[in-house]
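Colleague: Here is my input, please return the structure:
(chains A and B)
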2 protein chains.
Amino acid sequence: MAESLAIGIDLGGTQVRAALVEGGTLLARAAEPTDAAGGPEAVLRQMTVLIARVAPEGREVRGIGICSPGPLDSETGTILNIPTLPGWDGLPLRGILAERTGLPVVLENDGIAAAFGEWRHGAGRGLRHLVYVTVSTGIGGGVVLDGRLLHGRRGMAGHVGHLPLAVDGPACACGAPGCFEALASGSALGAAARKAVRGQPESRLSGRDPEGLTARDVVAAAREGDALALRLLGLEARWLGLGFVGLLHLYSPEAIVMGGGVAEAFDLLETEIHATIRSRAMAAFRDVPVMKAGLGGNSGLIGAAALALDGSQGGPR
Amino acid sequence: MAESLAIGIDLGGTQVRAALVEGGTLLARAAEPTDAAGGPEAVLRQMTVLIARVAPEGREVRGIGICSPGPLDSETGTILNIPTLPGWDGLPLRGILAERTGLPVVLENDGIAAAFGEWRHGAGRGLRHLVYVTVSTGIGGGVVLDGRLLHGRRGMAGHVGHLPLAVDGPACACGAPGCFEALASGSALGAAARKAVRGQPESRLSGRDPEGLTARDVVAAAREGDALALRLLGLEARWLGLGFVGLLHLYSPEAIVMGGGVAEAFDLLETEIHATIRSRAMAAFRDVPVMKAGLGGNSGLIGAAALALDGSQGGPR
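Modeller: A predicted model of the protein is given here:
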């Protein structure tokens, strides 16, 4: 039997992506650079164009799931504030898109949608408790506990990037110091590399513009065996492990699923991540595995589409 | 209509308490010093004696709820490890007590049971999302989200005292450095007082044996206007606020309910707690209130009894 079809939309600050989704598979996809300067109306037009591009012929689409950076209120389907999309505050995105398309629409935080995607169709299939953490420019995530997606007040549970890890640590984009995101995101890894490369002419990282170094460069150099890059990834893995210890103690998942750009280096990070968990977590939490996400960059798209098909998890609660 | 009756048991390292509970009210209570040296069999006998003492005449008791320090596995009703009660590891406490009493028994972590008690009958009535935090010798807690008690793997969600707040901070009882508990518990406040009082002869705290100072002494001196004690409570409130910021970001509750011995000084702490939350939390979380627990030292007893009456929240999940 064919599964039901839904359309997933991933609204990002740089790209809007849409896909026709069946289970864990993308049947069609389309994307455009986000017309952030055009404001909500321009981006809403982009969304309807992308939806038309991926819509199937002769088969019914049951709903649309949108995932977006937060904070947003998934209960009312309203954007609260997206730093990369000025002018959207208070926009009832769910209602507008439902009216324009005539389809049921779900709006969910991108981390929560990705957690749902990994749970239903990715690395977390079959688990009852999992934490999904995406590590890229920032750190976000979502949580499934006791067989249900966690939402909390205004659907804002699972802001895992803003776990305070070092109260006197570096400033986070959110304004507070020492958040997990400020210490362990891809941006933090890039910043650590730019600082560490000074006076290290023997490192492959020194060959490039030191001010332009990114997490991606560190991973590439580490794959070539560069000692400095490997040391930086060791520190990165330690920060990740420390944050994951906090998540284990607070949520008690059966697994932590790691996605985002930095997860591309998961094979280089996992040993030190697990060593940090074994040395820092309470005994009963030490054997919980950290796993690489199974859906790559599509966890959110697939999760949003899956949410559109699942009335019990999406929508008002 | 009379509510159903249940018996709550609070198993602690120093005391075993039992109460006959109707809604949020204790109709009868009994307690004994825990016979820890006698091992599980001696304490099980204490429990059955206490149960007989509080059992009503002529009215039916529907079940027994036990709360205990963890980690324990509330799914199987088994004690995993109680640091203050050696020899209990792996004990199937729920099954044993059910067999001996002929009543349905629920076993729950004390922090989770107290969260349930405060939600159903205390400060959290009517909320859908709350975090309960008990601040005494250690820091424990429990979480209600989306109208349900969080359990997680092995029922171990909500170990809020082991939120890592300062990765290079003081050692926690759990072995890791810088846990919330190591920085903000009553024990940490007492230790801070013992350190701060040196060379402060003008403080009321100096009048006593400086090595015997406790959190209770600090609160008493602060109530008498002692400047050092007030400063120590200011720092305590700041650590509490920093930990609560982490809990807000991770769980997104509508309120944090604070219980435990240190909550007796809630009136002296709340201004600085809220100021810390306003300065450190992300904007969308800043207006979430911290409230004092409504059931005092009975949150766990009342919650355990309430769980015994609520099949959907206790027992196997």
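
Colleague: Can you name every helix or strand that the helix or strand containing residue A:20 contacts?
Modeller: Assigned by DSSP states H and E, residue A:20 falls within strand A:15-22. Applying 3 or more CB pairs under 8 Å, 6 or more residues apart in numbering or on different chains; DSSP states H and E, one finds that strand A:15-22 makes contact with strand A:5-11, strand A:25-33, helix A:39-54, helix A:299-308. (Each C-beta comes from the backbone N, C-alpha and C, glycine too.)

Colleague: what mean pLDDT does it have?
Modeller: Regarding strand A:15-22, the rounded mean pLDDT is 96.

Colleague: Comparing the helices and strands packed on strand A:15-22, which comes out most buried?
Modeller: Of all the helices and strands packed on strand A:15-22, helix A:299-308 carries the top mean neighbour count, a mean of 32, counting by mean count of other CB atoms under 10 Å in any protein chain shown.

Colleague: Would you tell me whether that one gets close to chain B?
Modeller: No - Helix A:299-308 lies out of reach of chain B by CB under 8 Å from any CB of the partner chain, never closer than 14.7 Å.

Colleague: Nearest to chain B within the stretch 51-200 of chain A, name that residue for me.
Modeller: Closest residue of the stretch 51-200 of chain A to chain B, CB to the nearest CB: residue A:152 (3.1 Å).

Colleague: Relative to residue B:63, how far out is the closest residue to that residue other than its chain neighbours?
Modeller: If the residues on either side of it in the chain are set aside, residue A:152 comes closest to residue B:252, at 3.1 Å by CB to CB, 6 or more residues apart in numbering or on different chains. Going from residue B:252 to residue B:63 by CB to CB, to the nearest Å gives 32 Å.

Colleague: quick one, phi psi at the residue of the stretch 51-200 of chain A closest to chain B?
Modeller: Dihedral angles of residue A:152 (phi, psi; degrees, to the nearest 10) stand at phi 70, psi -180.

Colleague: How about the contacts made by it?
Modeller: Contact analysis of residue A:152 by CB atoms under 8 Å, 6 or more residues apart in numbering or on different chains lists A:158, B:129, B:145-146, B:251-253.

Colleague: State the distance from it to residue B:248.
Modeller: Taken as CB to CB, the span from residue A:152 to residue B:248 is 9 Å.

Colleague: list residues touching both of these two?
Modeller: Counting by CB under 8 Å, 6+ apart, residue A:152 and residue B:248 have no contacts in common.

Colleague: If you average the pLDDT over stretch A:142-153, what comes out?
Modeller: 96.

Colleague: end to end, how far does it reach?
Modeller: End-to-end distance for stretch A:142-153, by CA to CA, to the nearest Å: 14 Å.

Colleague: Ok, stretch A:206-214 next?
Modeller: End-to-end distance for stretch A:206-214: 12 Å, by CA to CA.

Colleague: ranking the contacts of residue A:152 by neighbours, who comes first?
Modeller: The most crowded member of these, judged by other CB atoms under 10 Å in any protein chain shown, is residue A:158 (30 neighbours).

Colleague: Let's have the helices and strands packed on strand A:15-22 in CSV, adding mean pLDDT.
Modeller: CSV is the format used below for the helices and strands packed on strand A:15-22 (pLDDT from 0 to 100):
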stretch, mean pLDDT
strand A:5-11, 97
strand A:25-33, 96
helix A:39-54, 96
helix A:299-308, 96
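
Colleague: Please convert the ones you listed to TSV, extending it with distance to residue B:293.
Modeller: Converted to TSV, those look like this (distance: least, CB to CB, whole Å):
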stretch	distance to residue B:293
strand A:5-11	41
strand A:25-33	49
helix A:39-54	43
helix A:299-308	36
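
Colleague: Out of these, which gets nearest to residue A:226?
Modeller: Nearest to residue A:226, of all the helices and strands packed on strand A:15-22, is helix A:299-308, at 29.8 Å by CB to CB.

Colleague: orientation of the closest one relative to strand A:15-22 in degrees?
Modeller: 50 degrees (axes from the mean of the first three to the mean of the last three CA atoms, to 10 degrees).

Colleague: which one is the residue nearest the centre of chain A nearest to, not counting chain neighbours?
Modeller: When CA atoms, centre = their mean is applied to chain A, the residue found nearest the centroid is residue A:134 (3.9 Å). Closest residue in space to residue A:134, ignoring its immediate chain neighbours: residue A:260 at 3.7 Å, by CB to CB, 6+ apart.
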